[in-house]
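Student: for reference, the sequence and a predicted model appear below.
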Amino acid sequence: MGGDVLDAGRAVAAVFKAACPDCRGRFELAAGALRLAIGASDRTTFYSFTCPDCGAAVRKPAGERIIELLTGGGVRTLRLHSSV
């Protein structure tokens, strides 16, 4: 996954590299094409997108570094609350 690109000190729209596990396509996605869900565990913390090549709904785990990159790049984030 990529991150923000700076151009002469100003932020340019973030573009992230991604791949589809179904069709094995590789592409770049704008922040608006990704969604990040942060849950109480590793299983409930993930990012998702729709593959622009085959249309598959893709969901991948998001560790701390991915969370930093995505939130810093303006990806819409949903914080999931546990039901205790």
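Tutor: Thanks, I have it.
Student: going forward, measure contacts between C-alpha atoms and count neighbours the same way
Tutor: Will do.
Student: list the buried residues for stretch 70-84?
Tutor: 70, 73, 74, 75 (16 or more other CA atoms under 10 Å).
Student: ok, residues contacting that stretch?
Tutor: The contact list for stretch 70-84, computed with CA atoms under 8 Å, 6 or more residues apart in numbering, reads 3-4, 13-15, 31-32, 34-40, 44.
Student: buried only: go through those residues for me.
Tutor: Buried subset of the contacts of stretch 70-84 (neighbour count, 16+ other CA under 10 Å): 3, 4, 14, 15, 31, 34, 35, 36, 37, 38, 44.
Student: contacts for stretch 27-36?
Tutor: With contact meaning CA under 8 Å, 6+ apart, stretch 27-36 is reached by 13-19, 45-50, 67, 70, 73-78.
Student: residue 44 reaches residue 60, doesn't it?
Tutor: No - at 10.3 Å, residue 44 does not count as touching residue 60 under the criterion of CA atoms under 8 Å.
Student: if we can go back for a sec, I'd like the buried residues of stretch 70-84 as TSV, with pLDDT, secondary structure and distance to residue 56 appended.
Tutor: What follows is those, written out as TSV (pLDDT from 0 to 100; DSSP: H, G, I helix; E, B strand; the rest coil; distance: CA to CA, whole Å):
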residue	pLDDT	secondary structure	distance to residue 56
70	95	helix	20
73	93	coil	23
74	93	coil	23
75	95	coil	19
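Student: how close does residue 27 sit to residue 20?
Tutor: Distance, residue 27 to residue 20, by CA to CA, to the nearest Å: 9 Å.
Student: now the strands for this protein?
Tutor: 5-7, 10-12, 15-19, 26-30, 35-38, 46-50, 57-61, 76-79 (DSSP state E).
Student: so for the second one, what's the average pLDDT?
Tutor: Translated: strand 10-12. On average, the pLDDT along strand 10-12 is 53.
Student: same deal with the fifth one?
Tutor: Taken as a whole, strand 35-38 has an average pLDDT of 96.
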